[in-house]
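1. Quick one, structure for this:
(2 chains)
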Amino acid sequence: MNIFSTYRDHIEAIIEKLVEAGSLPRGLDTARLTAEPPRDPSHGDISTNAAMLLAKPAGMKPRDIAEMMAAGLREVEGVSEVEIAGPGFINMRLGDAVWHDCLKVAIGQGAAYGASDHGAGAKVNVEYVSANPTGPLHIGHARGTVFGDVLAALLDKAGYNVTKEFYINDAGTQVDTLARSSHLRYCEALGRDIGEIPEGFYPGDYLKPVGRALAELHGDKWLDAPESEWLADVRAFTIDAMMDLIRADLAALGVHQEVFTSERKLVEDGMVDAGLKTLEDMGHIYTGVLEPPKGKAPEDWEPRPQTLFRATDFGDDVDRPLKKSDGSWTYFASDIANHLDKFRRGFAEMIDVWGADHAGYVKRMQAAVTAFSAGEGALDVKICQIVRLMDKGEPMKMSKRAGTFVTLRALVDEVGPEVVRFHMLTRKNDAQMDFDLTAVTEKTRDNPIFYVQYASARCHSSRRQARKYFPNHDMSLQTLVATPISCLTDESELGLIKIVAGWPRLVEAAADAHEPHRIAYYLYELAALLHAFWDKGSKDSSLRIVQGDDEKLTMARLVLVQGVQTVIDSGLGIFGIEPVEEMR
RNA sequence: GCGCCCGUAGCUCAGCCGGAUAGAGCACCAGAUUCCUAAUCUGGGGGUCGCAGGUUCGAGUCCUGCCGGGCGCGCCA
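-> Residues are numbered from 1 along each chain as shown, chains lettered A, B, ... in the order given. Reported below is the predicted structural model:
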């Protein structure tokens, strides 16, 4: 149940009645009609723009429409007060009982609270991480990984049918380099002195075990063999090993993706040829010559006829090449096949999470999706800006020599997966952000994850206290749901309840906007209200949660606390974080 | 040269597909504290929302042009 959409329905019904009565003209468009909490709570609980929205098409004054609607709204169950304000806002106040009901519904649903069928089970594909399989994940992957994972969880919560996908870039020249590097380690494992790892090879120690495994499996048959004999086998073996490494890194962060699509396999299975054939049949491919980029022409640039995709027909700036000069497909070509494959698997809605350095690639990919799906498919690309790793307010230099934090795993080991997950979502994805190793583990209000967890701990603490005072009182969820709570009328109590009641709406809005960071801000706000309420109890003991001499009031307050806990559980659940019960 | 992203308080950032006097945290100043604890709370000062136009009942939010910062710009992925 979403209280705001419930009242939006009431508003629409009233408009309909006014139309029937001839007070408003027929055919009014109410798509942009809102029923939302006003920014300033003193204006009421729910505000609607209906009168202002309808004024022009109806040819009437906003305030006249507002007057008519206000009369109707006053009759709606649960509405205690209706006011017309400003240029024609209609502000409603709801009776306490409405909010009390919301609270009961919330705790009754537990951690599932906020889940809805908003997405109507529509299939959505979220592709994220998608790193080159050439080594362990590094710090730069952290943000996009967490972002994609939590966005997927958020969409799932909002009622979409979500698939979490990893696209393996295993078809380019970089995996040949990987194979050669791996072969070097294989030689090393067989006792050959390889000296320093030469330029142009991957130097990481993580290839040593791969070399040893190759030696064990294949003996010395590739020791002095020409590359053509071992490259494919070594490459396949090493990519598998790297993917195991990456999957382990992801698991350490709490990330588990379901589908891993191999670029190489797409190419080998002929998916790229078939996909591009589709585009060609639609007339979106031609052979032409591109202009050199202005201002920054490559030195060896020379005009050359190429196989091009008509990206300019779909909003891109220039047409994009699909084939390299050696005749093989470009990365873009196989990525088209990748997205076409997803589309054919039933995903009309696709979301890709990319790093900032890929921003220039967005338009062409969206153009391609629009082209091959004839406008039926939609691709949203979420660009995650870079994260500056800091320590005590100073940027950390990340050279491989000095840096112990170049790998994602090292970061997770240092501060814990939950801190990484939460902190990466405390900013909009397209804003740059800092990750301060010291600050994220500090126990202060400045550290959002701590602040929220502290609120969770206080909720549990109050229950523990209550049990001490009333050891015989059943405090199960069933009992709490049946507990009378009409005594919760203090402003701070109702404020908390309203935030709890607003949770389903927030989940829907965050899901629609593909903006998981809104969850973090909401939880922070909820925590702030709880801490404020808690502190009020130390000034006015009648507001303390646990009232040693008033069992009924204590139980009612526990319902409130349970509501707060429910939202924290639900929100942290989306983040993949376990709420704490105590912080001692 | 072109494209994308960003520009809101001294600092770091929110601002819910245009809405009512622009919000937090940090820092600074002054106070509070029997439940989880000075790890928290209350109050205060502080902003021409980069600049200039435009769209309309109404713009931090949409459009155009500038300024400043970041990223990218055939045969890398």
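
2. quick one: A:Asn49 and A:Met68, what's the gap?
-> For A:Asn49, the distance to A:Met68 equals 15 Å [Cβ to Cβ, to the nearest Å]. C-beta: built from backbone N, CA, C; applies to glycine.

3. List phi and psi for the closest residue to A:Tyr160 other than its chain neighbours.
-> Ranked by Cβ to Cβ, 6 or more residues apart in numbering and with sequence neighbours excluded, the top spatial neighbour of A:Tyr160 is A:Gly119, at 3.4 Å. The main-chain torsion angles of A:Gly119 are listed as degrees, to the nearest 10 and equal phi -80, psi -10.

4. and A:Gly119, what is it in contact with?
-> A:155, A:158-161, A:511 (Cβ atoms under 8 Å, 6 or more residues apart in numbering).

5. now A:Val580
-> Counted by Cβ under 8 Å, 6+ apart, A:Val580 has contacts A:453, A:456-457.

6. Pull out whichever of those residues are also neighbours of RNA strand B.
-> Among those, the residues within reach of RNA strand B (Cβ under 7 Å from any atom of the strand) are A:Ala457.

7. For A:Val559, state which of the contacts of A:Val580 is nearest.
-> Nearest to A:Val559 among the contacts of A:Val580: A:Ser456, at 16.6 Å, using Cβ to Cβ.

8. pLDDT at the closest one, what is it?
-> At A:Ser456 the predicted local distance difference test score is 95.

9. Ok, A:Ala402 next?
-> Looking at A:Ala402, its pLDDT is 39.

10. same deal with the one 5 residues further on?
-> According to the prediction, A:Thr407 has pLDDT 86.

11. Am I right that it is in contact with A:Leu137?
-> Yes - the pair A:Thr407 and A:Leu137 passes the contact test of Cβ atoms under 8 Å, sitting 6.9 Å apart.

12. out of the two, which sits in the more crowded spot?
-> With neighbours defined as other Cβ atoms under 10 Å, A:Thr407 and A:Leu137 compare such that A:Leu137 has more, 24 against 20.

13. Touching, the more buried one and A:Val412? I think so.
-> No - using Cβ under 8 Å, A:Leu137 and A:Val412 do not qualify as a contacting pair, with a distance of 9.7 Å.

14. any residues in contact with both of those two?
-> Shared contacts of A:Leu137 and A:Val412 (Cβ under 8 Å, 6+ apart): A:Asp249.

15. Give me the neighbour count for A:Leu279.
-> 20.

16. show me where the stretch 201-350 of chain A has strands.
-> Across the stretch 201-350 of chain A, reading from the start of the chain, the strands by DSSP state E, counting those that start in this stretch fall at A:259-262, A:285-289, A:305-309, A:320-321, A:349-355.

17. State the mean pLDDT of the first one.
-> What that stands for is strand A:259-262. Model confidence over strand A:259-262 averages 96 on the pLDDT scale.

18. residue contacts, the closest residue to RNA strand B within the stretch 301-450 of chain A?
-> Of all residues in the stretch 301-450 of chain A, the one sitting closest to RNA strand B is A:Lys324 (2.5 Å; Cβ to the nearest atom of the strand). For A:Lys324, the residues meeting the contact criterion (Cβ under 8 Å, 6+ apart) are A:Thr330.

19. Check the gap between it and A:Thr307 for me.
-> The spacing between A:Lys324 and A:Thr307, counted by Cβ to Cβ, is 10 Å.

20. For A:Phe470, find the nearest of the strands of the stretch 201-350 of chain A.
-> Distance to A:Phe470, taken as Cβ to Cβ, is lowest for strand A:349-355 among the strands of the stretch 201-350 of chain A, at 48.9 Å.

21. show me what contacts A:Pro198?
-> Neighbouring residues of A:Pro198 by Cβ under 8 Å, 6+ apart: there are none.

22. where does it land in three-state SS?
-> Under the three-state scheme (DSSP: H, G, I helix; E, B strand; the rest coil), A:Pro198 adopts coil.

23. So what's the residue count around the residue of the stretch 151-300 of chain A found nearest RNA strand B?
-> The nearest approach of the stretch 151-300 of chain A to RNA strand B comes at A:Gly172, 2.1 Å away (Cβ to the nearest atom of the strand). Residues contacting A:Gly172 under the criterion other Cβ under 10 Å number 16.

24. cool, and the one 10 residues further on?
-> A:Ser182 is flanked by 27 other residues according to other Cβ under 10 Å.

25. give the contact list for it.
-> By Cβ under 8 Å, 6+ apart, the contact list for A:Ser182 reads A:207, A:210-211, A:214, A:234-235, A:237-238.

26. will you turn the residues you listed into a markdown table that also has distance to RNA strand B and neighbour count?
-> Formatted as a markdown table, the contacts of A:Ser182 follow (distance: Cβ to the nearest atom of the strand, whole Å; neighbours: other Cβ atoms under 10 Å):
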| residue | distance to RNA strand B | neighbour count |
| --- | --- | --- |
| A:Leu207 | 18 | 26 |
| A:Val210 | 20 | 24 |
| A:Gly211 | 23 | 22 |
| A:Leu214 | 23 | 25 |
| A:Val234 | 18 | 24 |
| A:Arg235 | 13 | 20 |
| A:Phe237 | 19 | 19 |
| A:Thr238 | 15 | 28 |
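
27. so which of these would you say is closest to A:Asn472?
-> When these are compared for distance to A:Asn472 (Cβ to Cβ), A:Val210 comes out closest, at 63.0 Å.

28. hang on, the earlier thing: any idea which of the strands of the stretch 201-350 of chain A gets closest to A:Cys187?
-> Going by Cβ to Cβ, the one of the strands of the stretch 201-350 of chain A nearest A:Cys187 is strand A:259-262, 27.2 Å.

29. do stretch A:467-475 and RNA strand B meet?
-> No - applying Cβ under 7 Å from any atom of the strand, one finds stretch A:467-475 out of contact with RNA strand B, separated by at least 9.1 Å.

30. Quick check: end-to-end length of that stretch?
-> Using Cα to Cα, to the nearest Å, the end-to-end distance of stretch A:467-475 comes to 8 Å.

31. that older thread, want to throw the strands of the stretch 201-350 of chain A into TSV with distance to A:Trp230 and mean neighbour count?
-> Written out in TSV, the entries for the strands of the stretch 201-350 of chain A read as follows (distance: least, Cβ to Cβ, whole Å; neighbours: other Cβ atoms under 10 Å):
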stretch	distance to A:Trp230	mean neighbour count
strand A:259-262	20	16
strand A:285-289	37	12
strand A:305-309	32	19
strand A:320-321	32	21
strand A:349-355	33	22
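
32. could you dump those to a markdown table with distance to RNA strand B?
-> Output for the strands of the stretch 201-350 of chain A, formatted as a markdown table (distance: least, Cβ to the nearest atom of the strand, whole Å):
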| stretch | distance to RNA strand B |
| --- | --- |
| strand A:259-262 | 11 |
| strand A:285-289 | 7 |
| strand A:305-309 | 6 |
| strand A:320-321 | 4 |
| strand A:349-355 | 8 |
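
33. Output the ones you listed as a markdown table; include the columns distance to A:Thr30.
-> Shown next, in a markdown table, are these (distance: least, Cβ to Cβ, whole Å):
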| stretch | distance to A:Thr30 |
| --- | --- |
| strand A:259-262 | 40 |
| strand A:285-289 | 44 |
| strand A:305-309 | 41 |
| strand A:320-321 | 42 |
| strand A:349-355 | 25 |
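
34. For chain A, which residue occupies the most central location?
-> In chain A, the residue lying closest to the centroid (Cα atoms, centre = their mean) is A:Leu151, at 2.2 Å.
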